[in-house]
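Student: 3D model of this:
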Amino acid sequence: MDPRIRALEAYLVASARAGDRRDLSRLVALRGDRLMAHAVRLLGDREAARDVVQEAWVEIMRGLKSLRDDHAFLPWALRIVTRRVAREIARRQRGRAVAAAWAEEAETSVDEAGPQASDAVRVRAAIATLPRDQAATIALFYLEDLTVGEVATALDVPVGTVKTRLMHSRRKLRAILEGDDDEQD
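Tutor: Residues are numbered from 1 along each chain as shown. Sure thing, here's the model as predicted:
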């Protein structure tokens, strides 16, 4: 990740902690899309993700004073979103089986990508077929450009778990994508 953006983020965090509402708004503008993308990846539902992220921002603003390292804001905020998403999923699972419907939808999106789709579309569709924990891990590592340690913080899991998830998800993605290449020949 660009060190200038990290420095800007740290400045905005410090300024927002000091009570500057304008810089808090700039921080939301800077990181809001990334938190939203993370929530959508985990939930698979844009509207529910929007609600979760709004609730997360309230928690983030309240907890900003306790954040010790301004440069660790993004992984810390992602962890808050992850926990909020986990609560939402637990709430949903009490009433219905969300995972089965999501897996079915993800398989359809890979089929719709087809051979004419760009590589990026194919890769994102393949990521969508992974189990949620693996999809979130690989997306944070590759798409959000976080380090293994930052991904561990964001997902609230040990570093070893992140490494294991990356290994398994890479293997699955390779099989999916190479399988697509074989069909095109």
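Student: C-alpha from now on. contacts and neighbour counts both.
Tutor: Fine.
Student: for Val121, see how far away Pro158 is.
Tutor: Pro158 sits 30 Å away from Val121, going by CA to CA, to the nearest Å.
Student: contacting residues around stretch 43-59?
Tutor: Under the criterion CA atoms under 8 Å, 6 or more residues apart in numbering, residues Leu35, Met36, Ala39, Val40, Ala77, Ile80, Val81, Arg84, Val85, Glu88, Ile89, Trp102 lie in contact with stretch 43-59.
Student: which one of these is nearest to Arg17?
Tutor: Ala77 (14.2 Å; CA to CA).
Student: check what pLDDT that closest one gets.
Tutor: Ala77 carries a pLDDT value of 95.
Student: verify the stated contact: it with Leu155.
Tutor: No: with contact defined as CA atoms under 8 Å, Ala77 does not count as touching Leu155 (10.1 Å).
Student: could you point out the longest helix in the protein?
Tutor: Using DSSP state H to define each element, the chain has its longest helix at helix 159-184.
Student: helix or strand with the lowest mean pLDDT in this protein?
Tutor: helix 98-113 (a mean of 48; mean pLDDT, DSSP states H and E).
Student: could you point out which element follows that helix?
Tutor: helix 119-129 (DSSP states H and E).
Student: what's the angle between the longest helix of the chain and helix 119-129?
Tutor: 120 degrees (axes from the mean of the first three to the mean of the last three CA atoms, to 10 degrees).
Student: could you give me the buried positions within helix 159-184?
Tutor: Val159, Val162, Lys163, Arg165, Leu166, Ser169, Arg170, Lys172, Leu173, Ile176, Asp180 (16 or more other CA atoms under 10 Å).
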